[in-house]
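Visitor: structural data only, the sequence is not supplied:
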Ligand code: FAD
């Protein structure tokens, strides 16, 4: 049985949050294990992430937060984790977080590993911790093996599962999974999947995140970029096939980066018979 989870980002307004509750409800039929809510670069959405988790949970939706250091000290981070525990949250996604633009070199980098360790040291309650993983190698990594070494340290610090950056090469995922296993990482590694809905945004984001859009795919999306419907139809076929390959190859679940848009994710999930 393949588990699914859905990722949202926190809307800016209360009305946006109400819309997001409806979006989550539209996806509820796929029986997701959880819905996660991202945390803006540098902690910029701390209050909005919390408010979104509160609104979703009040509607009976199993929302869990992403968490990073932002600019916070340890006590502030732990206070936030305790607030989430008080809401019934039993899982978080712990990340270094993207460095906010303009932060320059002044910002001290604290890695996700330190966050996982802090939470395990200071929180007794049962709390599952997921961490990020990078089949195509994190852009800051010196080498692919070093990146896997740091992932292992996050797991050794107490993470119980990994969710990957999205990718469009299934082989990258399988190769990465095998290397992780060979390095002693034995927790579930769930592929993150990004539906394709907009060419320009996908290229911009992928280039920044170190995600490869295979050449054939880039060319085809470029041809379709001015025909919204054709691009979505083609994107849905490609991503459905990717997911099917991942499931057939033993992926334990799929984490969808929904971009707060139910339809493209729902179509792929339906195609997969989830
Ligand atoms: P880390 O594990 O700290 O790794 C970052 C880099 O540092 C890697 O190159 C790694 O090899 C290296 N490294 C790790 N540990 C050490 C160490 N101890 N010493 C030296 N180098 C080290 N960003 C957000 O801002 N908000 C979100 O909500 C968010 N959600 C995400 C969800 C998922 C599933 C994923 C995969 C990513 C998400 N991101 C999010 C993006 C993420 O924050 C960035 O990719 C960030 O650059 C790295 O985060 P990390 O937790 O993987 O960092």
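Guide: Here it is on my side, so go on. Here the structure is a predicted model, which is why all the values come from computation and not from measurement.
Visitor: so residue 190 bridges to which residues?
Guide: Beta bridges link residue 190 to residue 163, judged by DSSP bridges.
Visitor: list the residues that contact it.
Guide: With contacts taken as C-beta atoms under 8 Å, 6 or more residues apart in numbering, residue 190 has the following neighbours: 3, 5, 161, 162, 163, 164, 251, 252, 253, 254, 255. Glycine gets a C-beta too; all of them are placed from N, C-alpha and C.
Visitor: restrict the residues you listed to contacts with the ligand.
Guide: Restricting the contacts of residue 190 to those within reach of the ligand (C-beta under 6 Å from any ligand atom) leaves 163, 164.
Visitor: buried ones among the contacts of residue 190?
Guide: 3, 5, 161, 162, 163, 164, 251, 253, 254, 255 (16 or more other C-beta atoms under 10 Å).
Visitor: from what I see, the first one and residue 33 are in contact.
Guide: Okay, so that is residue 3. Yes: using C-beta atoms under 8 Å as the test, residue 3 is close enough to residue 33 to be in contact (4.7 Å).
Visitor: what sits against the one residue in the stretch 151-274 of the chain that gets nearest to the ligand?
Guide: Closest approach between the stretch 151-274 of the chain and the ligand, counting by C-beta to the nearest ligand atom: residue 163, at 3.8 Å. Residues counted as contacts of residue 163 (C-beta under 8 Å, 6+ apart) are 5, 93, 130, 131, 132, 133, 190, 192, 255.
Visitor: okay, it: pLDDT?
Guide: On the pLDDT scale, residue 163 is placed at 99.
Visitor: what is the neighbour count of residue 38?
Guide: Other residues lying near residue 38 total 22 when counted by other C-beta atoms under 10 Å.
Visitor: next up, the contacts around it.
Guide: Taking C-beta under 8 Å, 6+ apart, we find residue 38 in contact with 7, 8, 9, 10, 45, 49, 66.
Visitor: do that again at 6 Å, thanks
Guide: 9, 66 (C-beta atoms under 6 Å, 6 or more residues apart in numbering).
Visitor: how far away is it from the ligand?
Guide: According to C-beta to the nearest ligand atom, to the nearest Å, residue 38 stands 3 Å off from the ligand.
Visitor: just use 834 as the starting number from now, easier for me
Guide: Happy to do that; since the first residue is 834 now, the last one works out to residue 871.
Visitor: how about low-confidence regions in the chain?
Guide: Per-residue confidence of the chain (counting by pLDDT under 70) places the weak regions at 933-941.
Visitor: right, and the helix or strand after the longest helix along the chain?
Guide: Across the chain, the helix with the greatest residue count (assigned by DSSP state H) is helix 1061-1081. Later in the chain than helix 1061-1081, the nearest helix or strand by DSSP states H and E is strand 1086-1090.
Visitor: can you spell out which helices and strands pack onto that following strand?
Guide: Contacts defined by 3 or more C-beta pairs under 6 Å, 6 or more residues apart in numbering; DSSP states H and E place strand 1086-1090 against strand 836-841, strand 1022-1026.
Visitor: which of those sits most buried?
Guide: Compared across the helices and strands packed on strand 1086-1090, strand 1022-1026 shows the largest average neighbour count, a mean of 24 (mean count of other C-beta atoms under 10 Å).
Visitor: report the angle between that one and strand 836-841.
Guide: Comparing the axes of strand 1022-1026 and strand 836-841 via axes from the mean of the first three to the mean of the last three C-alpha atoms, to 10 degrees yields an angle of 50 degrees.
Visitor: related to what we said a few turns ago, just the contacts of residue 1023 now: which is nearest residue 1003?
Guide: Relative to residue 1003, the closest of these is residue 1084; by C-beta to C-beta it sits at 9.2 Å.
Visitor: not counting its neighbours along the chain, what's nearest the closest one?
Guide: Distances taken as C-beta to C-beta, 6 or more residues apart in numbering place residue 1024 nearest to residue 1084, at 5.2 Å, with adjacent residues excluded.
Visitor: surely the one you found and residue 1079 touch.
Guide: Yes: checked against C-beta atoms under 6 Å, the pair residue 1024 and residue 1079 is within contact range at 5.2 Å.
Visitor: the ligand contacts on the stretch 834-983 of the chain?
Guide: When proximity is defined by C-beta under 6 Å from any ligand atom, the stretch 834-983 of the chain lies next to the ligand at 871-872, 874, 899, 901, 926, 928-931, 944-946, 965, 971, 973-974, 979-980, 983.
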